[in-house]
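In: Pasting a predicted model and its sequence here:
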Amino acid sequence: MKLKPVVLKFGTGILASEGGCSLDTLQFRRLCSEIAELVASGIPCVVVSSAAVAAGVDALKLPKRPTDLAGKQACAAVGQPALMGAYTRHLGRHGLRPAQLLLTHHDIFDEGRARNASVTLGKLLSSPGIIPIINENDSVAVEELRFGDNDRLSAEVAKLLGARLLILLTSADGLLAKASGKGGTPVRIPVVTDIREAFRHVTPEKGEHSTGGMQTKLQAVETAVNAGVETVIAHGRKKAQIAGAVSGQDVGTRFPAHKPAKKITKQS
């Protein structure tokens, strides 16, 4: 790798069609095109992708998403190949190929497994035209969507790789300040330097088919910036958000990385 990678997190809300019961073809086409633009500029990319359950609902011809854990895991098992098929088709239009990695809690927090995951990702990123696509292994996870719709997982992957940037794409323009008056319109916050202060802007609302809301995204941001990884939360259904975030434009909400404290040594 000549440059540090950018980690992109795509939630179900930006990959699935309305209702969360199938994949949104137009979104895959556009997002994969934006990935290809980064790769063409020499920037390696890693994608942490949700939406296996949505793909499984469609593949199994279910009338709606299941609410029980076993049903969701069954949909994830059927939907994961369909999800990768979508990446294969749309990345292939640009001469790129996806590489699937399904991770669990232990793969990230066990030192030996994390080292193996890091080595594998490093090898994939050094292979021309390969885009690692990571998802939590929902079909066997014993806790429902343990990482909060992959928010936390994406932060841990960014930390593991020493990424240059983590971009969390969601269905909001970024972190929004609460309206001052009743019925007022929330305002996007361009830059946040105090992550703990940012939590006061969190509202309980989240996407109907997402397990992670802004709360889990800010928790992921906190993990990433404390590890030295700058993070951006941006709107995943607006064009050019990825390129804008990478080039430092005013898109979404940017969270600068925390610089490690300098060690003070006593002079003799």
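Out: Cool, got the structure. Numbers count the residues shown, from 1 in each chain.
In: going forward, measure contacts between C-alpha atoms and count neighbours the same way
Out: Noted.
In: Which strands and helices lie in contact with the top helix by length along the chain?
Out: With secondary structure taken from DSSP state H, the chain has its longest helix at helix 69-92. Here helix 69-92 touches helix 25-40, helix 52-59, strand 97-103, going by 3 or more Cα pairs under 8 Å, 6 or more residues apart in numbering; DSSP states H and E.
In: pLDDT weak spots in the protein?
Out: Applying pLDDT under 70 to the chain flags residues 1-2, 138-149, 179-183, 204-212, 260-268.
In: which stretches of it form strands?
Out: Counting by DSSP state E, the chain has strands at residues 6-10, 45-49, 97-103, 130-136, 165-170, 176-177, 187-188, 230-235, 253-255.
In: just these: most buried one?
Out: The highest mean neighbour count among these, using mean count of other Cα atoms under 10 Å, belongs to strand 165-170: a mean of 27.
In: Using CSV, list the CA coordinates for it.
Out: What follows is strand 165-170 as a C-alpha-only set of coordinates in CSV (Å, rounded to 0.1, in the frame of the first residue of the first chain):
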residue,chain,number,x,y,z
LEU,A,165,-10.1,8.4,7.1
LEU,A,166,-13.3,6.6,8.1
ILE,A,167,-16.5,7.7,6.3
LEU,A,168,-19.8,6.7,7.8
LEU,A,169,-22.5,7.1,5.2
THR,A,170,-26.0,7.3,6.6
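In: Could you name the helices and strands sitting against it?
Out: With contacts defined as 3+ Cα pairs under 8 Å, 6+ apart, strand 165-170 has these neighbours: strand 6-10, helix 12-15, helix 151-161, strand 230-235, helix 241-246.
In: Now render these as JSON lines, adding distance to residue 200.
Out: Below are the helices and strands packed on strand 165-170 laid out as JSON lines (distance: least, Cα to Cα, whole Å):
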{"stretch": "strand 6-10", "distance to residue 200": "23"}
{"stretch": "helix 12-15", "distance to residue 200": "23"}
{"stretch": "helix 151-161", "distance to residue 200": "19"}
{"stretch": "strand 230-235", "distance to residue 200": "16"}
{"stretch": "helix 241-246", "distance to residue 200": "24"}
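In: So which of these is nearest residue 184?
Out: Of all the helices and strands packed on strand 165-170, strand 230-235 sits nearest to residue 184, with 20.5 Å by Cα to Cα.
In: What is the closest one packed up against?
Out: Against strand 230-235 (3+ Cα pairs under 8 Å, 6+ apart) you get strand 165-170, helix 214-226, helix 241-246, strand 253-255.
In: Now do the second one: everything it contacts.
Out: In other words, helix 214-226. Residues from elsewhere that reach helix 214-226 (Cα atoms under 8 Å, 6 or more residues apart in numbering): 148, 151-156, 158-159, 166, 168, 175, 195, 198-199, 202-203, 206, 230-231, 255-259.
In: try the first one
Out: Defining contact as Cα under 8 Å, 6+ apart, one finds that strand 165-170 is touched by 5-11, 13-14, 151, 154-155, 158, 217, 224, 229-237, 242, 245-246.
In: Report the angle between it and strand 230-235.
Out: Per axes from the mean of the first three to the mean of the last three Cα atoms, to 10 degrees, the angle that strand 165-170 makes with strand 230-235 is 20 degrees.
In: Which strands border strand 165-170, and is each parallel or antiparallel?
Out: Strand 165-170 sits in its sheet next to strand 6-10 (parallel), strand 230-235 (parallel), going by DSSP bridges.
In: Please produce a markdown table containing these, extended by distance to residue 190.
Out: Output for these, formatted as a markdown table (distance: least, Cα to Cα, whole Å):
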| stretch | distance to residue 190 |
| --- | --- |
| strand 6-10 | 19 |
| strand 230-235 | 10 |
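In: and residue 79, which of those strands is closest to it?
Out: Of all the strands paired with strand 165-170, strand 6-10 comes closest under Cα to Cα, at 15.7 Å.
In: Could you check the angle that closest one makes with helix 151-161?
Out: 170 degrees.
In: what's in contact with strand 6-10?
Out: By Cα under 8 Å, 6+ apart, the list of residues contacting strand 6-10 reads 43-50, 150-151, 154, 157-158, 163-170, 236.
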